[in-house]
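Enquirer: How does the following fold in three dimensions:
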Amino acid sequence: METLRKELQDKSSKLQEMMIQLEQQKTEVTRQQKEALLEVTEKQLEEKERLLSERNTQLMERDKQVEEKDRLLEERNKQLQERTDPDPAAPARRRNSKDWIPPDLSGETPDSAAPLKRRNSKEDLPPTMSGGSSSSAPAAEGGSKGISQRFKDWF
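Expert: Sure, this is the predicted structure:
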């Protein structure tokens with residue numbers, strides 16, 4: 001019986017040792033899994049940081065382009081303003097044409113205005129710029145009037 005007891009104690013000790021080893025192995029496997037997960041996470045983080053840095057560089061480049069376009073647009077607007085209004089002390093121009101009343105229509109009504117003189121457009125055609133007439137009709141209808149006289153009459 002003593003030997004049985006001794007065997008049982010030995011087996012119990014071995015079992016306890018195995019349980020300790022198993023717990024150590026479990027701890028080691030968990031630590032290795034955590035390290036592997038941490039390594040993967042660090043690599044993902046590094047990749048995201050690289051992508052963010054690349055995107056930041058792209059955005060800074062885009063900002064420079066936008067600033068350059070803004071500068072060019074301001075310069076162009078300034079040039080247009082100088083072309084349309086060379087005198088910086090000149091009053092601002094009105095943009096709304098409804099606010100402006102032409103001076104010759106401000107006090108006159110269509111009845112009080114002088115009647116317009118109508119012209120016969122066939123008789124008073126201006127000469128062509130080619131030097132000759134394009135058809136014989138205006139010259140025949142113009143009668144004895146010279147080209148220069150018809151031109152003066154036209155204007």
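Enquirer: in this protein, which spans are helices?
Expert: For the chain, the helices defined by DSSP state H cover 2-84, 137-142, 147-154.
Enquirer: Could you save these as a markdown table and add columns showing mean neighbour count and mean pLDDT?
Expert: For every residue, glycine as well, the C-beta is placed using N, CA and C. Below are the helices of the chain laid out as a markdown table (neighbours: other Cβ atoms under 10 Å; pLDDT from 0 to 100):
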| stretch | mean neighbour count | mean pLDDT |
| --- | --- | --- |
| helix 2-84 | 10 | 96 |
| helix 137-142 | 14 | 46 |
| helix 147-154 | 13 | 68 |
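Enquirer: residue contacts, residue 13?
Expert: Applying Cβ atoms under 8 Å, 6 or more residues apart in numbering, we find residue 13 in contact with no residue.
Enquirer: Quick check: it vs residue 76, distance?
Expert: Distance check for residue 13 against residue 76: by Cβ to Cβ, to the nearest Å, it reads 93 Å.
Enquirer: repeat for residue 2
Expert: For residue 2, the distance to residue 76 under the criterion Cβ to Cβ works out to 109 Å.
Enquirer: Same check on residue 32?
Expert: Relative to residue 76, residue 32 is positioned 65 Å away (criterion: Cβ to Cβ).
Enquirer: same check, this time on residue 50
Expert: Distance from residue 50 to residue 76, counting by Cβ to Cβ: 39 Å.
Enquirer: What is the neighbour count of residue 85?
Expert: Residue 85 is flanked by 13 other residues according to other Cβ atoms under 10 Å.
Enquirer: What confidence value was assigned to it?
Expert: What the model reports for residue 85 is a pLDDT of 76.
Enquirer: Could you pull up the contacting residues of residue 52?
Expert: Counting by Cβ under 8 Å, 6+ apart, residue 52 makes contact with nothing.
Enquirer: now swap in residue 50 and tell me
Expert: For residue 50, the set of contacting residues under the criterion of Cβ under 8 Å, 6+ apart is empty.
Enquirer: measure it to residue 56 for me?
Expert: Per Cβ to Cβ, residue 50 is found 11 Å from residue 56.
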